[in-house]
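Q: Need a 3D model of the following:
(chains A, B, C and D)
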There are 2 protein chains.
Amino acid sequence: MADVAKLAGVSSQTVSRVSNGHESVIPATRDQVLAAMRQLGYRPNSAARALRYGRFNTIGVILFSLASTGNSRTVEAIATHAAAEGYAITLIPVDVPTQDNVLGAFTRMGELAVDAVIVIMEIHLLDAATVTLPPGVYVVVVDSDAGDRYSVVDTDQADGARQAVHHLLGLGHETVWHVSGPETSFASQRRAQAWRSTLEAAGRPVPEPLTGDWSARSGYAAGLSLADEPGCTAVFVANDQMALGLLRAFHERGRAIPDEVSVVGFDDIPDSAYFPTPLTTVRQDFAEVGRRCVQRVLTQIREGQAAQPGTDLVPTQLLIRDSTATAPPVAETIAARKPKRR
Amino acid sequence: MADVAKLAGVSSQTVSRVSNGHESVIPATRDQVLAAMRQLGYRPNSAARALRYGRFNTIGVILFSLASTGNSRTVEAIATHAAAEGYAITLIPVDVPTQDNVLGAFTRMGELAVDAVIVIMEIHLLDAATVTLPPGVYVVVVDSDAGDRYSVVDTDQADGARQAVHHLLGLGHETVWHVSGPETSFASQRRAQAWRSTLEAAGRPVPEPLTGDWSARSGYAAGLSLADEPGCTAVFVANDQMALGLLRAFHERGRAIPDEVSVVGFDDIPDSAYFPTPLTTVRQDFAEVGRRCVQRVLTQIREGQAAQPGTDLVPTQLLIRDSTATAPPVAETIAARKPKRR
DNA sequence: CGCACGGAAGTTTACGTTAACATCACCGCC
DNA sequence: GGCGGTGATGTTAACGTAAACTTCCGTGCG
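A: Residues are numbered from 1 along each chain as shown, chains lettered A, B, ... in the order given. Model prediction:
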């Protein structure tokens, strides 16, 4: 900056004014400074700026993995909206979500150049965390029920599950089986709870749920056991990838979808319309989740204080495709199933 | 820091020494300082540190989209390895990959707090970019053939495609059809080129390739036209998602996989083992790509100068599952196909 | 007993930027 | 013609940290 000032024959303050677009610089001077900047390849030093302003214009994102569709799409939305507001995002991955690692991430984040933090993770992992973020760093959490303590943005998991179950019951199915995600996932828990309470509210029997780990592999395993389950004509699977595996298991066992069994997924990943049977599924609006995270966090930064705790639920939408159909008559179900038992 | 110093009854320099783990602090003093730090919730200010050291310990990643499996897995690997080296990563998404936007991203990156940049994008978009990064900021590029100008890390696309084609020819197929990715993608181009040259080297006819856009949707469309193609017994699809769509199209048209038609994909997304027919595919090692990017970039930072241009190719591996089989006898192919033409 | 030495802690300064204040020249008006 | 005002630019200081240098004190040795 001093070099630019010297070359342009002005003071460094004038260079600063030009680089910040102040108005009180006469055009001739401005042009000289700009020319000097170009010639010297000058770039403002963001560390010095951050030091001066006390802000970094950066939001930290702590997350477990980018591998899941949901996370990567949420992060992408966060990055896009943050960019639109002049904020960059810094990613802190936690490879194994133990408390120690999460703590470490927070500690590092505390030392990092961020103005606020978005946590995409089960908040349980933070419960015993004694580490506090530096005062003035704000937190928004996704995938959590800690709305009483944090500012939470999440998909309305419960309503999505409710829609799925209602859809299936409305098609005449006696009840709905469920393949859940891992127990450690809050999203999975809420989908399972809503599935159960919706069945109970309708006075239907509640079959024992199966537990998967979000992977197609675990969906396949669940599918193999459900295919042999007498009376199973409708399944609500907690995500699309598991539904893919389940579809294949049912196909292998000769259970026709949707004629014998109806299947509903969750997420609406781009592929699910091209599954062997185009999948009826509950669409999550990840982009909206990301948008609201950024909005919350920026509000906090601008107001200079943490937002009121509270949960902000993003609605879901049931997408009806070809994997659900009217329940088969009971007799037919039994007749069709019998020969397939092994 | 001054407050901590006052509370601990030492100078700020001693606080600095403690917070950097210097040895020349007597344990008693150190404990006092640590206690004061805890009491006051002191965190070192990273902006000031960056200003002092001239480094940010941050790597910028410019990319088009996180939506593709490959990108998000590469970014994840980058983040993980960078974290292991004490570096954070800052994400700069470019929503629409026009030159203007890429330029803008570079400009913003130039003003950002990063020591180096990894670009996950077609380098063509940068060709006309007159914007230069600040001197001392280093670039590594993924998905590019610009090894003569930049430091490039990429999957060995060509060899992967070659393996796929050889596998199919080895099973006795007369030739191999191809569904490529978009023409704007360098990865797609190289896979297509290698497919063509491998067929030519083997003296086989080269069918007209079909072009998709990586989506299952476009693979489905390609599958619908290939299903009617006489003599098509083997298809190399440029990614797994398109293969999923193609599988469905073939299934709808009654073309059995692998009995009538063999299919090979590319990527090895986690789902591909649970496609309706478990997919034979070329595995990309995204984690390794990410690792090498970080390694290259850190080498540059540490040596203080840009690396020699050059391309670093990460090998691929053919995973043989159930979607490929020996070519059917010609007569049978025709017999089986004929009734299905519409 | 005095002096050199070494370890612990303090002091000074610089990193690059910008807010706040100071200066200066020029303009218009009485 | 002097005086106040206004707009352009310069000067000073401060943001928080750490390297380099300085000071101080105790120890061991001749």
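
Q: A:Ala306 looks like it's in a strand, true?
A: No - per DSSP: H, G, I helix; E, B strand; the rest coil, A:Ala306 lies outside any strand segment and is coil.

Q: so what's it closest to, chain neighbours aside?
A: A:Tyr138 (5.5 Å; C-beta to C-beta, 6 or more residues apart in numbering or on different chains). C-beta: built from backbone N, CA, C; applies to glycine.

Q: phi, psi of that neighbour?
A: phi -110, psi 150 (degrees, to the nearest 10).

Q: Counting neighbours, what do you get for it?
A: For A:Tyr138, the neighbour count with other C-beta atoms under 10 Å in any protein chain shown is 25.

Q: Please apply the same query to A:Gly41.
A: A:Gly41: 12 neighbours (other C-beta under 10 Å).

Q: cool, and A:Gly203?
A: Using other C-beta under 10 Å, A:Gly203 has 6 other residues around it.

Q: Please apply the same query to A:Asp31.
A: By other C-beta under 10 Å, the residues close to A:Asp31 number 13.

Q: Is any residue of the host helix or strand of it near DNA strand D?
A: Element membership for A:Asp31 (DSSP states H and E) is helix A:27-40. Yes - taking C-beta under 7 Å from any atom of the strand as the criterion, helix A:27-40 and DNA strand D are in contact, through A:Ala28, A:Thr29.

Q: what about the residue in the stretch 201-342 of chain A positioned nearest to DNA strand D, how many residues close to it?
A: DNA strand D sits closest to A:Gly304 of the stretch 201-342 of chain A, with a gap of 15.2 Å, by C-beta to the nearest atom of the strand. Counted by other C-beta under 10 Å, the residues lying close to A:Gly304 total 8.

Q: State the distance from it to A:Asp115.
A: Distance of A:Gly304 to A:Asp115, given as C-beta to C-beta, to the nearest Å: 11 Å.

Q: that older thread, quick one: pLDDT of the residue of the stretch 201-342 of chain A closest to DNA strand D?
A: At A:Gly304, the model reports a pLDDT of 77.

Q: Which residues does the helix holding A:Asp31 contact?
A: The contact list for helix A:27-40 (C-beta atoms under 8 Å, 6 or more residues apart in numbering or on different chains) reads A:3-5, A:7-10, A:14-15, A:18-19, A:25, A:42.

Q: mind listing what's buried in that helix?
A: Residues A:Arg30, A:Gln32, A:Val33, A:Leu34, A:Ala36, A:Met37 are the ones in helix A:27-40 that count as buried (16 or more other C-beta atoms under 10 Å in any protein chain shown).

Q: Could you single out the nearest of those to chain B?
A: Nearest to chain B among the buried residues of helix A:27-40: A:Met37, at 12.0 Å, using C-beta to the nearest C-beta.

Q: what pairs with the residue nearest to A:Ala306 across the strands?
A: Using DSSP bridges, the bridge partners assigned to A:Tyr138 are A:Ala116.

Q: check contacts around it.
A: A:Tyr138 neighbours (C-beta under 8 Å, 6+ apart): A:Asp115, A:Ala116, A:Val117, A:Ser151, A:Val297, A:Gln300, A:Ile301, A:Ala306, A:Ala307.

Q: Wait, a strand at A:Leu66?
A: No - counting by three-state DSSP, A:Leu66 is located in no strand; its state is coil.

Q: and it, how many residues sit next to it?
A: Considering only other C-beta under 10 Å, A:Leu66 is surrounded by 25 other residues.

Q: Grab the nearest non-local neighbour of it.
A: Using C-beta to C-beta, 6+ apart, the closest residue to A:Leu66 is B:Glu76 (4.1 Å).
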